[in-house]
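Asker: Need a 3D model of the sequence below.
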Amino acid sequence: MGQFATVADHLVATEPQKDLLVQWDGLRADAALGPSRKIGQIPLSWDPDEDTAVRRAHEQFRWFGLGWPVNANLPTTEAFRSASAFVRPADVAASIPCGPDLDAVVEAVSAYWEAGFTDVALVQIGDEKQQQFLDEAAGPLLERLRAAAPSD
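Answerer: Just a heads-up that it's a prediction; the model follows:
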């Protein structure tokens with residue numbers, strides 16, 4: 001990470017690791033660089049039907065159930081297929097908010113706030129529910145996130 005902290009504008013991470021942010025900020029400070037945004041990226045599988053959301057998350061994001069260190073070290077699609085063959089829908093649902101429960105999304109985001117991330121990027125899994133998510137859930141979710149966000 002040291003080589004990137006001094007040449008990148010911002011950090012994007014997929015796990016809420018406070019140590020990562022401390023290291024990032026330290027490297028930037030040592031190089032006399034100002035603070036940067038630290039963006040946590042969180043997938044979610046919103047759907048009015050929880051089973052449908054879990055199934056979609058498992059089909060399209062089952063790698064997430066393995067954790068980033070495993071995923072980052074898979075050299076080929078065949079290795080990915082083999083490594084993720086035994087990831088169950090329940091494993092993915094334990095890692096990704098699935099279904100209509102917006103409070104579960106707020107809870108997942110809170111781990112990033114607690115770690116010190118400055119921003120959070122939500123990634124809705126699956127093309128087929130993008131518009132419905134925006135029409136039905138995005139506004140209420142934004143309200144809940146704003147209400148729960150720490151005030152600085």
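Asker: make it CA atoms for all contacts and neighbour counts henceforth
Answerer: Noted.
Asker: all strands of the protein, in order?
Answerer: Under the criterion DSSP state E, the chain carries strands at the ranges 11-13, 38-44, 119-124.
Asker: ok, and what's touching the longest one?
Answerer: Put plainly, it is strand 38-44. Taking contacts as C-alpha atoms under 8 Å, 6 or more residues apart in numbering, the residues outside strand 38-44 that touch it are 10-16, 21, 57, 96-98, 105, 108-109, 112, 116-125.
Asker: That strand pairs with which strands?
Answerer: The strands beside strand 38-44 in its sheet (DSSP bridges) come out as strand 11-13 (parallel), strand 119-124 (parallel).
Asker: residues in contact with the first one?
Answerer: Here strand 11-13 makes contact (C-alpha under 8 Å, 6+ apart) with A5, W24, S36, R37, K38, I39, G40, Q41.
Asker: Tell me the buried residues in that strand?
Answerer: Across strand 11-13, burial judged by 16 or more other C-alpha atoms under 10 Å covers L11, A13.
Asker: Only the buried residues of stretch 46-63, if you could.
Answerer: Within stretch 46-63, the residues that count as buried by 16+ other C-alpha under 10 Å are 46-48, 50, 53-58, 61-63.
Asker: ditto for stretch 107-118
Answerer: Residues of stretch 107-118 classed as buried by neighbour count (16+ other C-alpha under 10 Å): A108, V109, S110, A111, Y112, W113, A115, G116, F117.
Asker: Between those, which sits nearest A72?
Answerer: Each of the buried residues of stretch 107-118 was scored against A72 by C-alpha to C-alpha, and Y112 proved nearest at 20.4 Å.
Asker: Would you list the phi and psi of the closest residue to that closest one other than its chain neighbours?
Answerer: If the residues on either side of it in the chain are set aside, Y112 comes closest to P16, at 4.9 Å by C-alpha to C-alpha, 6 or more residues apart in numbering. When quoted as degrees, to the nearest 10, the phi and psi of P16 stand at phi -80, psi 70.
Asker: my read: P16 touches A108, true?
Answerer: No. The pair P16 / A108 is not scored as a contact, 9.4 Å apart, by C-alpha atoms under 8 Å.
Asker: Across the sheet, point out what pairs with the nearest residue to V120 once chain neighbours are set aside.
Answerer: Taking C-alpha to C-alpha, 6+ apart as the measure, V120 lies nearest to G40, with 4.7 Å between them; neighbours along the chain are not counted. Under DSSP bridges, the beta-bridge partners of G40 are A13, V120.
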